[in-house]
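Enquirer: what follows is a predicted protein model with its sequence.
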Protein chains: 2
Amino acid sequence: MPSPELKKNAVGRTVPVEINGREAVPFQGVAKYRPEGTKVAPSISTCIDYPDCGDKTVPDIKTALKEAGVRDGMTISTHHHLRNGDFVANAVFEAAAELGVKDLMWFPSASFPCHAPVIEHMKNGVVHHIEGSMNGPLGAFCSAGGMRGMGVLRSHGGRYQAVQDGEVHIDIAVIAAPTADPFGNAHGLTGDAACGLLGFALADSQYADRVIVVTDNLIEFPCVPWQIQGNHVDFVTTMDAIGDASKIVSGTTQITKSPDRLRIAEMTARFVREAGIMENGFSFQAGAGGTALSFAIYLMEMMREDGVKARFVRGGSTQYLTAMLEEGLTDYILDGQTFDLDGVRSMRENPNHVNTSPFTSYNYHGKGNFASMLDCVVLGATEVDVSFNANVVTHSDGKLLHGIGGWQNCLFSKCTILPIPAFRDRIPVLVDEVTTLCGPGELIDVIVTERGIAINPRRDDLLSAVSGSDLPVRPIEEIKAEVETIVGGAPAKPRFGERVVAAIKWVDGTVIDCVRQLEAAK
Amino acid sequence: MPSPELKKNAVGRTVPVEINGREAVPFQGVAKYRPEGTKVAPSISTCIDYPDCGDKTVPDIKTALKEAGVRDGMTISTHHHLRNGDFVANAVFEAAAELGVKDLMWFPSASFPCHAPVIEHMKNGVVHHIEGSMNGPLGAFCSAGGMRGMGVLRSHGGRYQAVQDGEVHIDIAVIAAPTADPFGNAHGLTGDAACGLLGFALADSQYADRVIVVTDNLIEFPCVPWQIQGNHVDFVTTMDAIGDASKIVSGTTQITKSPDRLRIAEMTARFVREAGIMENGFSFQAGAGGTALSFAIYLMEMMREDGVKARFVRGGSTQYLTAMLEEGLTDYILDGQTFDLDGVRSMRENPNHVNTSPFTSYNYHGKGNFASMLDCVVLGATEVDVSFNANVVTHSDGKLLHGIGGWQNCLFSKCTILPIPAFRDRIPVLVDEVTTLCGPGELIDVIVTERGIAINPRRDDLLSAVSGSDLPVRPIEEIKAEVETIVGGAPAKPRFGERVVAAIKWVDGTVIDCVRQLEAAK
């Protein structure tokens, strides 16, 4: 594969101007790129082509793919609400292989270690390449140069945007559905593979040429609520099991036990209180990582102490967020994915635990979205540099191991806080320049480490808000220098080849950075 | 206005092949016309153009229209969930008049007598013409030739189809919202103007260039459930009152007291039972007219007697349908509009009282819809002819007085029953040929009159199903002849001029019939 032409973008990263044969626009700065033209226009369907009785069932995935007209070079999408317990994506490519189809592009909302069998399908030619988050072995395979095409990583909102804008055309969407009816209405609230909601498949259902729903819990019409609308669906089929429940949602979510992480979590909560963000009617988002969970628990305690109630909190939901809702500490959970059984139960039972989608929450090419309304958001990162730029996809060793998720989209909140350890396994997390730039520093407001809190100098307001407090606010350079003294200097740079193996898209579809092939260790 | 070229369509009606400057396809038969091409593609928006804080409020409708770029010749849409109590549409054209805008096309999902002030706006040039149901005075004005353009009547599903397919481009949609937040999320469940749901405005929100939400109950974000998604909304504004609650939903719905109508209703229910339709897991739809309501009450009683439970019933919902749901006689109400306070309450409180839209229920250019899954549907008609063709928009005097509503869409049910009086005010309802053909006879299965039940000869299965019963099944010609003997002959034909004042669209966008200008009585 010849290397495409490269150009330097607005954050100084050299990025390809063509991705998998399609023109790509280098990142122009936050809120700078204006899209032109119209959203993609799906073909007009007619009820003539669908059974009056509403029964769209076919015997199996293979038949569904065949009737959907699968052929070489098509793009097939799946969603990742079943996370590391998903059985459906592997079954799809197994069926495609049996049908003798080649060169498919797989467009998952994210892939997980359970999808390692797709590596074989890339080797045997069934799958050409993956556009989507590649967690674990698939990311490593991509990093090592194993994929024929270029990987493209998008945020949840960026994926919706790409589909909506016609940047990615999905030929066939396959939607794993914990519960569905023969018309194709589907939800994730019940069934053995219950995962809560199906928002990551929304764009796929709306814009794909053909939509296949796969379920292991087929119920009589109507399947209510129709998180996925049967009116978008072509075929419905069944499998004995669409996933391994134990790997879809946790029984209970684990908080961190590390004293350093707990200290970081508590400092983050204190910062939110002392900066005046934790006020009646405020909102926040925190993920399901151990530190973020601990942050939520500390904050909950402070809210109780101060008699403060949130208007809404955003998930990934866990038992801790549902506890907040049930205790009356928040009016609403606006949830993008449920991480534990309690999240699923709450979403099923509580009308104030609301199902959201990348369209409502994150799509940057909409008439606004929810992300920018958040008073604060607490996120992770693999690296942060002295300009507050952050990396969330590669490790300092250069290996692509994570997806972007909603991370880029969340940066638009009024206060973005990254609680991170100052080093991991003796490798500093604070660096001169991030390996891969996923989020521009101008959107990242606060870094909380066990060695102090660094506030972005652009945020005078936050600096003055906490100036009277006893929070250990320090310049980021100072913390970084201290860490380097401890671990014995800045980390070694990874050895990259020239070939670009993956592009990192910004929320508006432009290219903010790219990942190069890792040279094999000598 | 010169008369457009006319052509005979598949049901022998002579219809225009151009409507308001746009090519029109004559009706080709049921399930014959295949649409080509793609759905309409709205412009890509960007969050750059919307406030990060999510507050899209502007002071008043006039400002909203101005900021939405209103100008001469644009198409402005409204919905009719506030029915005859709506204040918003009149306020919109008042504001447009103040702004000096001319020649607007009004595209309501339906108009009511309360909208009579728009007649003045048609006379003074602000409004050019109306495409949408015209109930009462607006229909009469159109019939008399008062509109400059041609009226176009569409079913609820046909309206969605027309917008989705780009046949009607909405420049500015104005959505009256009983409850909304500053981001534009809106629902009809609470507030002084609570009307239950907002499904008739769905297409408008999805496809209009600019969307304005008008509310008299602005609440803090998030307004949940978001029946209308703020991500589609450009501006939010307020009025003191968006409607007159007493005319939006009834306090309680009235059943018929006429002995003839009660007899018809009971016979209809008996037919449904004796034809074997009323079986466990069945489904039906009945409207809110007096006869349809009485039918539902009779059927409910028979369901109790026979221990039969429905899987779902479709509304417009009333206290009678909600009683069925609450008594456990049906698992679900799939509701398109709520007709009384009980319907609103039930939809607000009961997750099995489900909000539907013309997209889910009726859109013929989708991947199936709900209408064809119904085991039976009970509808009205102004006239039915001996070929079972039916009219629902004009009276026998030729006056256009009603909209199509969901009527055409519902004809796709497995058994379509029209319970109608054999004559009204001494004018026979059974005729040789309907004045306006809105529904082809092949889709109409049973006519129930006080003088007997006529079953469409195409439905051998229904004829044999009730052959052993004591139901008064008679040929339609026989009932018609009997009625004519009583009233002294067939009704006089209305005196029409040549000019086509309104086109009647079929569910697929083709023209099934048209309405000609009425000659003034001499």
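Expert: Looks like it came in fine. Numbering: from 1, shown residues only, chains lettered A, B, ... in the order given.
Enquirer: contacts and neighbour counts: CA atoms only from here.
Expert: OK.
Enquirer: and the residue in the stretch 201-350 of chain A that chain B sits nearest to, how far from B:Asn9?
Expert: Nearest residue of the stretch 201-350 of chain A to chain B (CA to the nearest CA) works out as A:Asn231 at 5.0 Å. Taking CA to CA, to the nearest Å as the measure, A:Asn231 falls 30 Å from B:Asn9.
Enquirer: just the CA trace of stretch A:213-223, in CSV.
Expert: Taking C-alpha atoms only, stretch A:213-223 is exported to CSV below (Å, rounded to 0.1, in the frame of the first residue of the first chain):
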residue,chain,number,x,y,z
VAL,A,213,-31.6,-7.5,13.7
VAL,A,214,-30.2,-10.6,15.5
THR,A,215,-31.8,-11.7,18.7
ASP,A,216,-32.0,-14.6,21.2
ASN,A,217,-35.2,-13.3,22.7
LEU,A,218,-37.8,-13.0,19.9
ILE,A,219,-41.1,-11.8,21.4
GLU,A,220,-44.5,-11.1,19.9
PHE,A,221,-45.0,-7.6,18.3
PRO,A,222,-44.8,-5.0,19.7
CYS,A,223,-41.4,-5.0,21.3
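Enquirer: up against chain B, what does the stretch 251-400 of chain A have?
Expert: A:312, A:352, A:354, A:359-360, A:364-370, A:372-373 (CA under 8 Å from any CA of the partner chain).
Enquirer: pretty sure A:Val515 is touching A:Ala502, no?
Expert: Yes: here A:Val515 reaches A:Ala502: they are 5.0 Å apart, a contact under CA atoms under 8 Å.
Enquirer: what do these two both touch?
Expert: By CA atoms under 8 Å, 6 or more residues apart in numbering or on different chains, A:Val515 and A:Ala502 have these common neighbours: A:Ser143.
Enquirer: returning to that earlier point: in strands only, show me the residues of the stretch 251-400 of chain A next to chain B.
Expert: Mapping these onto strands (DSSP state E) picks out A:Phe312, A:Val354.
Enquirer: could you dump the residues of the stretch 251-400 of chain A next to chain B to TSV with neighbour count and pLDDT?
Expert: Output for those, formatted as TSV (neighbours: other CA atoms under 10 Å in any protein chain shown; pLDDT from 0 to 100):
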residue	neighbour count	pLDDT
A:Phe312	24	98
A:Asn352	18	97
A:Val354	21	98
A:Phe359	26	98
A:Thr360	22	98
A:Tyr364	27	98
A:His365	29	98
A:Gly366	24	97
A:Lys367	27	98
A:Gly368	32	98
A:Asn369	29	98
A:Phe370	28	98
A:Ser372	23	98
A:Met373	23	98
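Enquirer: please name the nearest non-neighbouring residue to whichever residue of the stretch 251-400 of chain A sits closest to chain B.
Expert: With CA to the nearest CA, the shortest gap between the stretch 251-400 of chain A and chain B falls at A:His365, namely 4.1 Å. Of all residues not flanking A:His365 in the chain, B:Thr46 sits nearest, at 4.1 Å (CA to CA, 6 or more residues apart in numbering or on different chains).
Enquirer: contacting residues for the residue nearest the centre of chain A?
Expert: Note on chain A: the residue nearest the mean C-alpha position is A:Gly405, at 1.4 Å, using CA atoms, centre = their mean. Counting by CA under 8 Å, 6+ apart, A:Gly405 touches A:Ser133, A:Arg154, A:Ser155, A:His156.
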